[in-house]
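K.L.:
Coordinates for the following, if possible.
(one chain, ligands or ions: 1)
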Amino acid sequence: MPIYEYEPVDRDCFMCPNRIEVIQDIGAEPYKFCPYCGLDVKKVVSRATFKVGNEPTADKAAKKGFTTYKRAEKGVWEKAAGEGPDIITGTKEDLEAVEAEKAAKPKILDLNDVE
Ligand SMILES: [Zn+2]
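P.N.:
Now for the predicted structure:
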């Protein structure tokens, strides 16, 4: 399942590091309130942690409250540093969505071929 990130609305959260990562079903109702402190939050990023950072920066990211995952095998990510579950397993639908995104080529305009 994809990971969604939330941040507090117009204030600092006193119980979480101002950014909450939640694993939710695609199309699930977004959280309106922080699951830790119950105050209002807004969704900021979808699937951010599917873009895996370099390992040496994972600890740095963890200090800032981010969780870094690295791909262990197809559809399986292992936590490198930070809070959160140790292992994330993508569903077949997630993997297909990721593959489709990769397969979509950007449109390139050939300037020699403009009519
Ligand atoms: Zn909170």
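K.L.:
which residues make contact with stretch 15-24 from outside it?
P.N.:
Stretch 15-24 is contacted by residues 1-8, 12-13, 30-31, 34-37, 41, 44, 49, 64-67, 83-85, 88 when judged by C-beta atoms under 8 Å, 6 or more residues apart in numbering. C-beta: built from backbone N, CA, C; applies to glycine.
K.L.:
oh, I was asking about stretch 59-78
P.N.:
For stretch 59-78, using C-beta under 8 Å, 6+ apart, the contacting residues are 16-19, 21, 49-50, 52-53, 55, 57-58, 79-84, 86-90, 94-95.
K.L.:
Can you say which of those are buried?
P.N.:
16, 18-19, 21, 49-50, 53, 58, 79-82, 84, 88, 90, 94 (16 or more other C-beta atoms under 10 Å).
K.L.:
Can you tell me which residues in the chain are near the ion?
P.N.:
Applying C-beta under 5 Å from the ion, we find that the chain lies next to the ion at C13, M15, C16, C34, Y36, C37.
K.L.:
Contact partners for the first one?
P.N.:
Going by C-beta under 8 Å, 6+ apart, C13 touches I20, C34, Y36, C37, L39, V41.
K.L.:
Using the three-state scheme, assign the last one.
P.N.:
The reference is to V41. Secondary structure, DSSP: H, G, I helix; E, B strand; the rest coil: V41 is strand.
K.L.:
Is it in contact with C34, as I believe?
P.N.:
Yes. With contacts counted by C-beta atoms under 8 Å, V41 reaches C34, the gap being 4.9 Å.
K.L.:
These two - which one has more neighbours?
P.N.:
Higher neighbour count among V41 and C34: V41, with 25 against 21, using other C-beta atoms under 10 Å.
K.L.:
And the pLDDT for that one?
P.N.:
With respect to pLDDT, V41 has a value of 92.
K.L.:
measure it to E93 for me?
P.N.:
The spacing between V41 and E93, counted by C-beta to C-beta, to the nearest Å, is 25 Å.
K.L.:
Over to A81?
P.N.:
Remark: distance between A81 and E93 (C-beta to C-beta) = 28 Å.
K.L.:
Check F66 too.
P.N.:
Distance of F66 to E93, given as C-beta to C-beta: 25 Å.
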